[in-house]
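Participant: quick one: sequence plus predicted model below, questions after.
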Amino acid sequence: RMLDQIGIDQPQWRELTDASSAKQFCDEVKYPCLVRPSYVLSGAMMSVIYSEEDMDNYLENVIISNDYPVVISKFIDEGKEIEVDAVAENGKVVILTISEHIENAGVHSGDATLVLPAQDLNENTINRIRDLTFKIGCGLNINGPFNMQLIAKDDKLKVIECNLRVSRSFPFASKTLDINMINIATNIICKDIIELNTDDKLNVLNNLPKKLNYDRVGVKVAQFSFHRLEKADINLGVEMSSTGEVAGFGANRNIAYLKALGSTGFKIPKIADTNVFVVIDKMKHKKEFEASFIFMNQMGWNIYYLDIDSQYYIDMKNSYKLNFEEAYEKIKNKGFDLIINIYDECDIQNDALELNGATQTDMFKYILFQFKIRRLSLDFHIPIMINIKTSKLLVESIYYCYQKGTTLDTFYDKRESNNNNNN
């Protein structure tokens, strides 16, 4: 309500106490919708609902009443998620950072790949984010740290969350900046509670830079433990799945990402002589991945694909088709250095997979096949990527090393002044 009063946009939402009004609201705003209990931790019991049938299934597993309401908001599909970490004193923001998720909105922030400073936001968008951060800090009269999450799509910004606390990205932002934001927040919070040396407090706040200059890029990557859970599938969504996080730093996003990803235990594929198995459901994702295919070809990678999808890959250089059984055997024999399986949970649920001339039985076999290769990749320790955005970033980053003629050195951390990376 405060956002409406100060003129800041947000997705349509409503708190509801019965099933019929919940379904009615979803019909009004149109699916997909994000449904959550009124109080959640780590996204527990949150779900993206794509149809009335999905909603019926969700409602069977939750209690909705005056005592246990649900909050439903319009889900912005394929939006870009942005995070702001800031500290304010009596409503005045004294420092803030703006980072971006690599994955589209819909992946829990604890599972998402975070880049600071944001690399894909233009100056106008950054200025708008700063402006609404100042407005919210003032409107809530914040005295201490806070974190905000926003969605950007079609040149529109919507606030989806504001937490008056330190977030998991707060220490990451401090480390990337080499500025102790925790110390700043603590001095502000505690100034009236404990006796602080006045000169020290003034020194902390007065020495803050008027503009943040980043001399390196930081990337935060989540670490998962799916391999420890027998028959568990790899799936990222609004419920948090990660069991840890790693930060990497470098002169650019590519170096930082490879260092962070490699530090999670993910085996980065070789620059040359790499065998990659690619299974991508939707044509729009195949088209989005076209530049990555070009990079793979230039590096001399061998691209394996399914025979049922041969129409797309048949003219591609260094490409080889496999049937289901051949793919299983090659995984078990560790014949792949990387598996890329881009699938859409919504399409699987709603039988909207794009397979030419496929019957319902073919669809079922294809879905089962994809689960099996994801599970086998875990059991046989083959690196796998399941998100289109991070898959593109991985190939791009390896290609960056190929172009530079360098190998990845996890201890390398060159700092360069880049006046364009200011938030």
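Facilitator: All right, it came through fine. Residues are numbered from 1 along each chain as shown.
Participant: the lengthiest strand in the chain pairs with which strands, and in what direction?
Facilitator: The single longest strand within the chain, with elements called by DSSP state E, is strand 92-104. Here strand 92-104 is paired, per DSSP bridges, with strand 80-89 (antiparallel), strand 114-116 (antiparallel).
Participant: can you redo those as TSV with distance to Ile388, mean pLDDT and mean neighbour count?
Facilitator: Every C-beta, even on glycine, is put in place using the N, C-alpha and C of the backbone. Output for the strands paired with strand 92-104, formatted as TSV (distance: least, Cβ to Cβ, whole Å; pLDDT from 0 to 100; neighbours: other Cβ atoms under 10 Å):
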stretch	distance to Ile388	mean pLDDT	mean neighbour count
strand 80-89	13	96	24
strand 114-116	16	96	26
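Participant: for Asn235, which of the ones you listed is the nearest?
Facilitator: Asn235 lies closest to strand 80-89 among the strands paired with strand 92-104, at 17.9 Å (Cβ to Cβ).
Participant: look up how far Asp309 lies from the residue nearest the centre of the chain.
Facilitator: For the chain, the residue nearest the mean C-alpha position is Ala112 (3.0 Å; Cα atoms, centre = their mean). Computed as Cβ to Cβ, to the nearest Å, the Ala112 to Asp309 distance reads 28 Å.
Participant: turn the strands paired with strand 92-104 into CSV, including distance to Pro269.
Facilitator: Below are the strands paired with strand 92-104 laid out as CSV (distance: least, Cβ to Cβ, whole Å):
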stretch, distance to Pro269
strand 80-89, 27
strand 114-116, 21
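Participant: of all those, which one is nearest Lys191?
Facilitator: Closest among the strands paired with strand 92-104, once you apply Cβ to Cβ, is strand 80-89, at 8.7 Å.
Participant: of the strands paired with strand 92-104, which is nearest Pro145?
Facilitator: Among those, if distance is taken as Cβ to Cβ, the winner is strand 80-89, at 5.2 Å.
Participant: C-alpha coordinates for the closest one, CSV please?
Facilitator: The C-alpha coordinates for strand 80-89 follow below in CSV (Å, rounded to 0.1, in the frame of the first residue of the first chain):
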residue,chain,number,x,y,z
LYS,A,80,14.9,-10.0,-15.0
GLU,A,81,15.4,-10.0,-11.3
ILE,A,82,17.5,-7.3,-9.6
GLU,A,83,18.7,-7.1,-6.0
VAL,A,84,19.5,-3.9,-4.0
ASP,A,85,21.5,-4.0,-0.8
ALA,A,86,21.5,-0.8,1.1
VAL,A,87,22.0,1.0,4.4
ALA,A,88,19.9,4.0,5.5
GLU,A,89,20.1,6.4,8.5
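Participant: residue ranges with poor pLDDT in the chain?
Facilitator: Regions of the chain meeting the criterion pLDDT under 70 cover residues 38-44, 192-206, 345-359, 406-423.
Participant: ok, Phe224 touching Asn235?
Facilitator: No. Using Cβ atoms under 8 Å, Phe224 is not in contact with Asn235, being 10.2 Å away.
Participant: who touches the residue nearest to Gln223 when sequence neighbours are not counted in this structure?
Facilitator: Nearest non-adjacent residue to Gln223, counting by Cβ to Cβ, 6 or more residues apart in numbering: Gly244, 3.8 Å away. Gly244 makes contact with 222-223, 264, according to Cβ atoms under 8 Å, 6 or more residues apart in numbering.
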